[in-house]
Structures are given as C-alpha cells and as structure tokens.
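S.K.: give me a model of this one.
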Amino acid sequence: MKEGLRDIWDSIYKYFFVSGKKAEENQERPVKHYQPVIDPAELSDTATKMFQARPKEDASTEKIEEEKPWWDFAGHADSQAPVFDILQDDRIVEELNRKLDADEFPVIEIPSNVMKAMNILDKRDFEYVEITDLIRRSPAMAGEFIKAFNSALYFRGETITDLKVGLPRLGKENIKAMLYVYSSKMNFSSNVLFNTLAKQIVEHCYTTALIANYIGQDYYANPEEAFIAGLLHDIGKLGILKSLTETYEMPEEIDFEMTEDVFDNIFPSIHERAGEYLAGNWKINDSIKFAIRHHHDFNTMEGADPDMEEYHLSALVNLSDSMARILGYGRRISKTNIFETEAAKTISLEKNNHTIEFIGNIPAMLSTKAK
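M.R.: Residues are numbered from 1 along each chain as shown. Next up is the predicted model:
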C-alpha cells in the first residue's frame, strides 16, 4: 500500500517541481534526492486529492465527446404512463370503428361565425376583407391567426397585428385549415378533463405543419398542401376525444396528468382513420386525406406506388411529425436518427452538408414562432 502511495507522491513531485531537461536528468537519479521528509502514508488523502486535481498535461489531446445533433436523438427516457381504467377496455376501439363504419362518428361542430367565413372562402371570387370582420369578432380566433402571421414561416421582419394585412399572406386553403383546427380546439374549451390535452395536440399539429411546409420548399411540389396535411394529420385524436365524452361518463377530476400516453390503447389503432373521416366531412382534398390516413403506415401499405404524390406527402408528414416530437412538441419518441428513417429515404432527404444545414435551421425556426 505504501509503495503505491510513494509512486503517487513521486508523480506529484515530478509534475510540480521538476520540468524540461531537468526532469529528464532527474529520472536517472535515486529517489532519495527528492524524497519528502514526511511519510506519504500520513498524507494519503491530500496526495490523492492533489493527484486527482492535477491539470492535464496536454489539453489538445484530450478526447471530448461531441454533442449529438438534434436530429440524431437518443430517445426519451422510459416513463410508466398512469392507467386510466376506462380507456383500457378493448371494446372502446371496437365501438369507435363501428361508429366510423356506420357513419355515426361525431363531427366537429363549426361555430356559426366560422361557418360563415368558410362559405365566403368557398366562393370563386371573394375579398379577404369579407372574412376579416368575422374572424375579428372572436378575440381567441383572431389571436390564432396573428400567431400564424408572425411565425417563422410567414414572418417578414415586421410584426403583423392587422388581419387585413396577414390573411392574404396565409392564403385561402391555409385559412380554411386553421379555421377547422380552431373549431376543433374550441370543442374542448369548457372540458375540464381534455382541454389541456386538446391544446397539446393542436400545438403538435401546428408545429408539424410548420416543419412540413419548410421541408416541402425543397422536397415537395406543393408546400402549402404540406402545411395543411401537417396541420390536420392528428385531427382524428380530437374526434376520438369528442366521441369519448359523448359516449362515456368521464370523471371531472383525476390525480394524474392527462397526456397522449394514457391513450396508447386507442390513439395508435384508430386516430388515422378517424382523421380521414373528419377530413372527408370537411371536403378536404384527396391527397391530404390520404396523408392523414397513412402518415404512420405509408411504408407498409400493400400495393402502394412509391412514386405517387400522396405517398410522398404521407412520408413528409411522418418525417415532420417525428421532428416535432424530437424537439419537444408532441408525445415521447424512441431513439431516432432522422436520416435513417424510411420517411427521409422516401422523399430523398439524404445526409450531406446541404441537408444537415437545411434541417439544422428547424429548431431556431420553431423557437421564434409566436406563442
């Protein structure tokens, strides 16, 4: 033991008191020329601490583990979701499927002022000023649009608070999609149990839409269509929440946080089909309906044509969905390297300097979007 401590003390002495050529010369000398008068055993704690605190001799050779880029994600830590007994019954999924088959699935009610705006937008010739007053009547709805005007996607260097200026920038189809999402969220405004979850789902959808539009600038023919598909891709989850509140007696209070993880028995198996149903009810175009229905299973569909535009849109939404979740917008996600996903391969998003720089802008883009 003492021999080991002696070696430590010798190393400390050489480092602090002997350097350069002198160090080389002294390596040949007997230990007695610099042996301390105090027994190293008596200084074991101090010596050990000094040795551990010793500066690195060559910092340039130290191996520093580089932080992984955001798109190479290690995955969220495993978390045990609380059990909500009423949602564990497999008969719930059976009943939801039955309602979809029988055309009895509940639709999202559209408020009268929103419906009037929709009717105006459906006209061949319309003026944006016609819907400005309708949107302005609802401060909450006006706030949703102002948020969009000033997001990184549409921001042009000057904050916009005037609907008359901002609405033309969004365009007709994007306005309609936002009106549908706003109406969906409003269905839960007075629902104590699902209100927060509904807001989280909408926030995830909005973030996915921003990413889909951004990536679509380089990797899809119609970025505006990509925005709408991203915005509506999880709308089926809100339809499911609405159906549950209408069919089952839900508690007003629970002793845990209501998150998407609580719905792992329901959402994965039915939300795409429910979303397609709602999109059809809203007369959304076929490409977007296809992407809503297949944004998770596009790569396992039998007989699907990989060259089909709808197939690429589904992959783009899937990729954008994953990116949003990695960046903290949406439910937890497991270990994911964006460039290794089937979605990235489908839209030809290859790992090179250009694409790394291109998708590297996404976190900053989302951090500047209006809250």
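S.K.: separation between the residue nearest to Asn213 when sequence neighbours are not counted and Tyr220?
M.R.: Leaving aside its chain neighbours, Asn213 sits nearest to Phe227 (4.0 Å; criterion: C-beta to C-beta, 6 or more residues apart in numbering). C-betas here are computed from N, CA, C, even on glycine. Using C-beta to C-beta, to the nearest Å, Phe227 is found at 10 Å from Tyr220.
S.K.: overlap in contacts, the two.
M.R.: Between them, Phe227 and Tyr220 share these contacting residues under C-beta atoms under 8 Å, 6 or more residues apart in numbering: Ala212.
S.K.: please verify my assumption that Ile160 contacts Phe149.
M.R.: Yes - using C-beta atoms under 8 Å, Ile160 makes contact with Phe149 at a distance of 4.2 Å.
S.K.: the two: which is more packed in?
M.R.: The neighbour comparison of Ile160 against Phe149 (other C-beta atoms under 10 Å) goes to Phe149, with 21 against 18.
S.K.: can you tell me how far the more buried one sits from Ser314?
M.R.: According to C-beta to C-beta, Phe149 and Ser314 sit 28 Å apart.
S.K.: go on, Ile333?
M.R.: Distance, Ile333 to Ser314, by C-beta to C-beta: 18 Å.
S.K.: between these two, point out the one with more neighbours.
M.R.: Using other C-beta under 10 Å as the criterion, Ile333 and Ser314 rank with Ser314 on top: 29 against 16.
S.K.: which residues touch the more buried one?
M.R.: 290-291, 294-295, 298.
S.K.: out of these, who's nearest Asp133?
M.R.: Ala291 (33.0 Å; C-beta to C-beta).
S.K.: hang on, the earlier thing: please enumerate the shared neighbours of Ile160 and Phe149.
M.R.: In terms of C-beta under 8 Å, 6+ apart, Ile160 and Phe149 are both contacted by the residues 166, 169.
S.K.: show me the longest helix that occurs in this structure.
M.R.: helix 195-219 (DSSP state H).
S.K.: tell me the mean pLDDT over the one helix or strand Leu366 maps to?
M.R.: Following DSSP states H and E, one finds Leu366 within helix 362-367. On average, the pLDDT along helix 362-367 is 87.
S.K.: go on, stretch 239-257?
M.R.: Averaged over stretch 239-257, pLDDT sits at 87.
S.K.: need the strands for this protein, in chain order.
M.R.: With strands called from DSSP state E, the chain shows them at 72-73, 336-337.
S.K.: for the ones you listed, give me TSV that also has mean neighbour count and mean pLDDT.
M.R.: TSV is the format used below for these (neighbours: other C-beta atoms under 10 Å; pLDDT from 0 to 100):
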stretch	mean neighbour count	mean pLDDT
strand 72-73	16	96
strand 336-337	16	96
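S.K.: could you dump the ones you listed to JSON lines with distance to Ala81?
M.R.: Listed next are those as JSON lines, based on distance: least, C-beta to C-beta, whole Å:
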{"stretch": "strand 72-73", "distance to Ala81": "20"}
{"stretch": "strand 336-337", "distance to Ala81": "20"}
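S.K.: got the contact list for stretch 341-358?
M.R.: So stretch 341-358 is contacted by 69, 215, 218-220, 298-299, 306, 311-312, 315-316, 318-319, 322, 338-339, 359 (C-beta under 8 Å, 6+ apart).
S.K.: mind saving the C-alpha coords of it as CSV?
M.R.: Extracted in CSV, the C-alpha atoms of stretch 341-358 (Å, rounded to 0.1, in the frame of the first residue of the first chain):
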residue,chain,number,x,y,z
THR,A,341,-35.9,6.8,-41.3
GLU,A,342,-38.0,5.4,-44.1
ALA,A,343,-39.7,8.7,-44.5
ALA,A,344,-36.4,10.5,-45.2
LYS,A,345,-35.4,7.9,-47.7
THR,A,346,-38.8,8.1,-49.4
ILE,A,347,-38.6,11.9,-50.0
SER,A,348,-34.8,11.6,-50.8
LEU,A,349,-33.6,13.6,-47.8
GLU,A,350,-30.0,12.3,-47.8
LYS,A,351,-27.4,13.1,-45.3
ASN,A,352,-24.9,15.6,-46.7
ASN,A,353,-23.7,19.1,-45.9
HIS,A,354,-26.6,20.8,-47.6
THR,A,355,-29.4,18.8,-45.8
ILE,A,356,-27.6,19.0,-42.4
GLU,A,357,-27.5,22.8,-42.7
PHE,A,358,-31.1,22.8,-44.1
